[in-house]
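# I'd like to go over a predicted model; first the sequence, then the structure.
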Amino acid sequence: MAILFVQHWGVMKNKEKEYENFIMNTHMPVMEKLGLRVVGGFYVVVGAGPHIAAISTTENVEDFQKIVTSAEYTQLLEQLFPLILNYSSRLYVSYGPIEVKKYDIQFGMWKFNQYFDIIPGMVDEYKIFVRDKFIPEMERLGIKITNIWKAVIGSGPFILSEGSSPGLQEIAKAIDTDEYRALMRELKSKYIMNFQSRIMAPTRRVEIPYFIKSMTTGLKNLTGGI
């Protein structure tokens with residue numbers, strides 16, 4: 001089962017440069033060393049803050065629990081907290097119907113994330129609607145639903161519909177249609193409550209180290225590890 005660890009925060013005023021250096025030189029390397037594979041970093045462009053989202057994943061919930069209860073992880077947070085404000089986190093697991101065995105980096109993709117709770121007593125009807133109508137219609141409008149997640153640790157809303165698109169223009173074009181408005185009216189009126197949404201742009205901080213690591217690995221393979 002794929003899992004997603006999402007951390008949100010804002011950056012302290014006048015700490016921006018120190019924060020940038022810490023994230024690139026300490027935070028991301030330590031997260032990777034501990035086994036929290038960093039797969040995304042985003043700015044919230046439209047929607048409620050905090051305005052930074054750091055996305056990581058592990059192979060399973062048991063590994064996640066070991067990592068976040070380790071002394072090294074606690075020390076990493078203690079170094080991060082003086083640089084940020086309004087920290088929050090959630091741990092999500094796949095909620096179907098999409099099967100995601102391993103979550104990976106999606107280079108340059110923007111996110112259109114929708115958060116909500118399912119109306120009590122409507123879970124079965126919600127799942128049928130999402131499988132047969134919501135996911136196909138969103139993809140037809142140009143927003144691919146990467147996965148539907150359920151928060152198992154952290155505050156609500158507890159369902160996350162993770163949408164992906166190449167850019168802000170494509171997202172704006174999709175949600176400014178009669179088809180999108182009709183789809184959301186049906187979703188909100190029959191199946192869900194406590195709806196929120198965010199449009200998020202990639203920070204590019206994750207992709208650059210990934211490219212460098214891939215190039216280094218490729219060179220080592222070509223030179224026989226010299």
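Now that the structure is in, tell me what you want to look at.

# residues touching the closest residue in space to Gly47 that isn't next to it in sequence, list them.
Using Cβ to Cβ, 6 or more residues apart in numbering and skipping the chain neighbours, the partner closest in space to Gly47 is Arg198 (3.3 Å). Yep, even glycine has a C-beta here, placed from its N, CA and C like the rest. Shown in contact with Arg198 (Cβ atoms under 8 Å, 6 or more residues apart in numbering): Val44, Val46, Gly47, Ala48, Lys111, Phe112, Asn113, Tyr115.

# If you rank the residues you listed by neighbours, which is first?
Most neighbours among the contacts of Arg198, by other Cβ atoms under 10 Å: Phe112, with 26 neighbours.

# Please tell me I have it right and Lys144 contacts Ser161.
No. Using Cβ atoms under 8 Å, Lys144 is not in contact with Ser161, being 11.2 Å away.

# quick one: the helices in this protein?
Secondary structure of the chain (DSSP state H): helices at 16-22, 28-34, 61-68, 71-80, 123-129, 135-141, 168-175, 178-190, 207-222.

# about what we covered before: make CSV out of the contacts of Arg198 and add distance to Val152.
Converted to CSV, the contacts of Arg198 look like this (distance: Cβ to Cβ, whole Å):
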residue, distance to Val152
Val44, 23
Val46, 27
Gly47, 23
Ala48, 22
Lys111, 20
Phe112, 23
Asn113, 17
Tyr115, 15
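
# Nearest to Asp124, out of these: which one, please.
The shortest gap between Asp124 and any of the contacts of Arg198 belongs to Tyr115, at 21.0 Å (Cβ to Cβ).
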